[in-house]
Structures are given as structure tokens and as C-alpha cells.
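Peer 1: predicted structure and sequence below. I'll ask about it afterward.
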Amino acid sequence: MNATGRAIVAVALILFAWKDAALRMPWPPQVEPKVPLAVASEEATQAAKPVRALAAKMLPTDREYLSKFYDCMRHVLARDARRTDPVVSTTDKLIAFHTSSLQLAIDQSAVGKTPGLGEAVDLVFMETIGADPRLLTGDDREKLADACAALASAFKVGENE
Amino acid sequence: MSDRFNPLEAYSRGLVGAVDDPRADEMFGDSILRSGGHPEGGVIAHQWEFAGAGAGKLSLLFPTVLEVFPDSLPGPGQLTGDCVSVATVRAILISMALEIADGKPDEVTGKIEEAPPLSTMGVMQGVVATESLWAWRGYDGDGWNGSAASQVATQKGFLFRKEYPELGIDLTKYTRDTLRIGGRRVPGEKWLGVSKEHRPRTATFLRGREQVRDFIAAGYGIMNTSSMGFSSSRNEDGVSRQQGRWAHAQHYLGYDDRPETHRKYGQALVLWNNQWGVWNSGPRRIMGTNIDIPPGSYWALASTIDRCTNIALSSVAGWPKRAHTTYGAAGNL
């Protein structure tokens, strides 16, 4: 190694020694903190019972994936509700949002892996906000968040099975 | 009715399709007030904050109408002097199409409405059956008053271009036979029970071109009655000169208030639609665009509006959208 190279190594060693605290990289890597799922109402939990029954037959990885999906959907809808002009303003837009999100998140070849699952999930929304095409009210948005929480919980591995 | 009705000839020779009746206008204004509306369009435009909405713009109603109800315009040509009834149902069609396209919920039911399930023939025949208003005029023969027709529409409602087995009638197609329904012997309670489900809940009189401009920009169907005739030839911009006299009712499909239009014609233009099928000829391209006006329609100087009685009909209680059967998971999970 020539003089320039040795100088660079020396500076790097000094830098690491001096800035030890700033450059600290914890080892072993910290475990990702567990964020508890939102708690659904008794009503929504009841509506999600058929989903829970079907989830019991699914692979754990698939269950975790869908649990996170509906937890994210709850989060996104809650944030949208805080907008002065929500993007998901009608039941039609909710359907388009849910449909597109599922189509992007679920591999097409995996659709139908658990027969009846799609219908059971739809029923949760039907029972919480009804089937009438209309503008979404504040009350609807709360119920939607509740429905998503119930679904996230129904899919979660190790949740009251 | 003659065997072969030529509306251009009949109206040019003096057939009175649009009857002047100040008493009917007064009664209609009163009925508007009683139902919670306002008979002055200027007041409505300010209350609902769309006064000035059309200023400086090209506002077109027909593209949305044709998107919701393909081939519904120009509709079948008149078979008799029922222009007032036809113009009124065209205004209803326009308001209804714009409300469906808008996707906003009906103000009374709170439900989002969709296009009624009609056959292709029913849509091409104009969607709303003119006979369903015409039947209520109380006499046989040609001619009616615009306010009276609008009052029937708002109070008794209308029927669609389809079969009504419960009423023993098929209104899918506009024919001389269907035109004979009612008249001197008005329909009964059974008909009323069906027609009242679908009606424009409010209407208002528009005075002057700015109000017409703004109501068009806000998406409302407007029918008019006047004594003006128009040339059957359009110029390079689709404009027809006012000429001759027709005691006639028509409706509007658009308004052009662009600066370039004012520069060329000295004023704005309004898009008239006649109910005589394809009765006129000439270019249909809207100036500065790649859009064609529907056959049978024509631009005229906005000053023609000032010589009309204009009635806007809106908030059409239409067809509630069918309930959702899925929220998107079935078929995707």
C-alpha cells in the first residue's frame, strides 16, 4: 500500500475511534418493535367470524400478509378521513380502492386459494356499512376502520384461535 | 294528426305547438314556491352559488348526455304538434343524465342514482316518454303550454321508454298510437302511482341569457318556448340565422361564451336542439374544437334567449342505483 492509501486508512481509523458514538451500529440488530393491532368492536368481530374460521385453514405467512394488509387499509382510510376532501368519498370509490389494492397486493395465481374467503371479507363490509351506494359519512368511516381492524385481527396468527 | 307529419312545414305554416298562457305561468310559479323552490332562476343561481359559472366558457351538456345515454339525441322526430311535451322531457333527460354522471346522491333519498335499465331502442327513442306528459294535457289535439307541461312533470312525474304491463302500455317506441294515450281523458291514479316515482323535484324560470348560460354551466336541462323560426342551414361554425315564425318549444344543449366567439359574432352563442330529427344541414364542428354538435341542433345568437320563456328542470328523482353485491374482495382474494 502506498503512502496515500496508508494515510486514508489512518484517517478512517481515527474517525471511527473519535466518532464512535455517532457511528455506533448496534449489534445484534434490534428486533422490530411489535405494534399492537387496533381493537375492533364486538359487532365487527362477530361479522368477521366467518373470516376467522377460514383463516384457521390458511398458511401462517398468508394470514400475516392479509392481517398487515387490512391493518394498513385501516390506517390509510383513517388518514383519508382527516382530509377536508377525502379521496374515498363514496361507497363506489371504496370498492374501487379495495379492489385495486387487493389486485396489486395479491398474486393473481393465488386468488381463490381459500375458497369463499373473498365473499366472507365482503360480508364484513356489508354488515358494517350496508349495501346502499352513497356518500360515506363520518359514521361510515368509523365503521370502516372498525371492519378493517376486525379483519386484521381475524387473519392474525395467534389471535384468539 | 296527418298521415305524414312534416314538422318544418307544419310549424312554418302556423301550427301552434307552444301556446302562450300567462295564467299557467302564474300557477306554475306558485306551485314551485309551494314545493319549496323558487320561480326566479337568478335567485336560485345566487343561492346555490353558481351565478357566473358559465362566464367566458364553452359549456356543453350533450357529451355527458350521450355518455350516459348513447344515441339518445337527437331522439325521434315529432309526429305531431307535441313540441312542448318533447322539449320538457328532453330537459328532464339532460338534468337526469348530468346528475347520474355527477354521482351525487339524490337530495331526498340520499341514494346515488344510475341510468334506468332500458332497451337500446328505449334509449334511442329518448329515454323519457314524451307521451307520459302529453297524456295529461286535458284535451286532444296539438299544442300545449310550457308551464303547464313543466307543472305536470314536477307534480305527476314521467314514465320511461319501456313497457309498463301494470298500466297496459308499451312506451318503448314513440308512435302515433302512443300519442293517442290520454289527452281529453287524462290518466288515472294507477298511472300516477307509477309516474310520481320519477319527477324533477324543482324548476325555475330563467330570464335572460346570463341565467341560461349559468344554468347550462351548472348542468341543468332547460326547455324554451318562443315564436322564433330558424334557418335549416348551418354556417361553418354550425350557426343558424333566426328567420320566420314557429310557435314552438325546443331545448338547449350548450352555451359558448368564449371571447373568440364574442369577437366573431358580437355576442355569445347558445346551442338549440330541435325535436324534428335530422331536419337541418351544414357543418356541425364547434369553432376551435374537434367536437361536433348533434344532428338536428344548431348554434344561434344568445340574444334569441331574450325572446323565449325558459324553464329549467332539475333534481330529477330517477333510478336508485342497485345495492352493492361486493366490496371488491370476491374474485380478488
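Peer 2: On my side now, so go ahead. Keep in mind the model is a prediction, meaning the values are calculated, not measured. Residues are numbered from 1 along each chain as shown, chains lettered A, B, ... in the order given.
Peer 1: how close does the closest residue to residue B:234 other than its chain neighbours sit to residue B:157?
Peer 2: Counting by Cβ to Cβ, 6 or more residues apart in numbering or on different chains, residue B:234 lies nearest to residue B:282, which is 3.0 Å off, once chain neighbours are set aside. Using the backbone N, CA and C atoms, a C-beta is placed for each residue, glycine as well. Distance, residue B:282 to residue B:157, by Cβ to Cβ, to the nearest Å: 38 Å.
Peer 1: looking at those two, which one has more neighbours?
Peer 2: Using other Cβ atoms under 10 Å in any protein chain shown as the criterion, residue B:282 and residue B:157 rank with residue B:157 on top: 23 against 15.
Peer 1: OK, contacts around the closest residue to the more buried one other than its chain neighbours?
Peer 2: Computed as Cβ to Cβ, 6+ apart, the closest residue to residue B:157 that is not its neighbour in sequence is residue B:199, at 3.5 Å. By Cβ atoms under 8 Å, 6 or more residues apart in numbering or on different chains, the contact set of residue B:199 is B:153, B:154, B:155, B:156, B:157, B:158, B:316, B:317.
Peer 1: let's see that with 7 Å instead.
Peer 2: Residues in contact with residue B:199 (Cβ atoms under 7 Å, 6 or more residues apart in numbering or on different chains) are B:153, B:154, B:157, B:158, B:317.
Peer 1: ramachandran coordinates for residue A:79?
Peer 2: phi -70, psi -40 (degrees, to the nearest 10).
Peer 1: beta-bridge partners for residue B:228, please?
Peer 2: Here residue B:228 sits in beta bridges with residue B:245, as judged by DSSP bridges.
Peer 1: that one against residue B:242, yeah?
Peer 2: Yes: Residue B:228 is in contact with residue B:242 according to Cβ atoms under 7 Å; the separation is 5.3 Å.
Peer 1: overlap in contacts, these two.
Peer 2: residue B:304.
Peer 1: buried residues, stretch A:62-81. List them.
Peer 2: Neighbour-count burial for stretch A:62-81 flags A:62-63, A:66-67, A:69-71, A:73-74, A:77-78, A:80-81 (criterion: 16 or more other Cβ atoms under 10 Å in any protein chain shown).
Peer 1: for stretch B:217-225, same thing?
Peer 2: So stretch B:217-225, judged by 16+ other Cβ under 10 Å, has buried residues B:217, B:218, B:219, B:220, B:221, B:222, B:223, B:224, B:225.
Peer 1: and residue B:182, that's in a helix?
Peer 2: No: in this structure, residue B:182 is coil, not part of a helix, as judged by DSSP: H, G, I helix; E, B strand; the rest coil.
Peer 1: let me see the contact set for the closest residue to it other than its chain neighbours.
Peer 2: Residue nearest to residue B:182 in three dimensions, not counting chain neighbours: residue B:135, with 2.5 Å by Cβ to Cβ, 6+ apart. For residue B:135, the contact set (Cβ under 7 Å, 6+ apart) comprises B:181, B:182, B:183, B:186, B:187.
Peer 1: which among these end up buried?
Peer 2: Burial by neighbour count, judged by 16+ other Cβ under 10 Å, picks out B:181, B:182, B:183, B:187 from these.
Peer 1: secondary structure class for the last one?
Peer 2: Reducing the assignment at residue B:187 to three states with three-state DSSP gives coil.
Peer 1: can you pull the residues of the stretch 1-150 of chain B lying near chain A?
Peer 2: Counting by Cβ under 7 Å from any Cβ of the partner chain, the residues of the stretch 1-150 of chain B close to chain A are B:103, B:105, B:110, B:111, B:112.
Peer 1: at 10 Å what do you get?
Peer 2: Applying Cβ under 10 Å from any Cβ of the partner chain, we find that the stretch 1-150 of chain B lies next to chain A at B:103, B:104, B:105, B:106, B:109, B:110, B:111, B:112, B:113, B:114.
Peer 1: nearest to chain A among the residues you listed?
Peer 2: Using Cβ to the nearest Cβ, the shortest approach to chain A within those belongs to residue B:112, at 4.4 Å.
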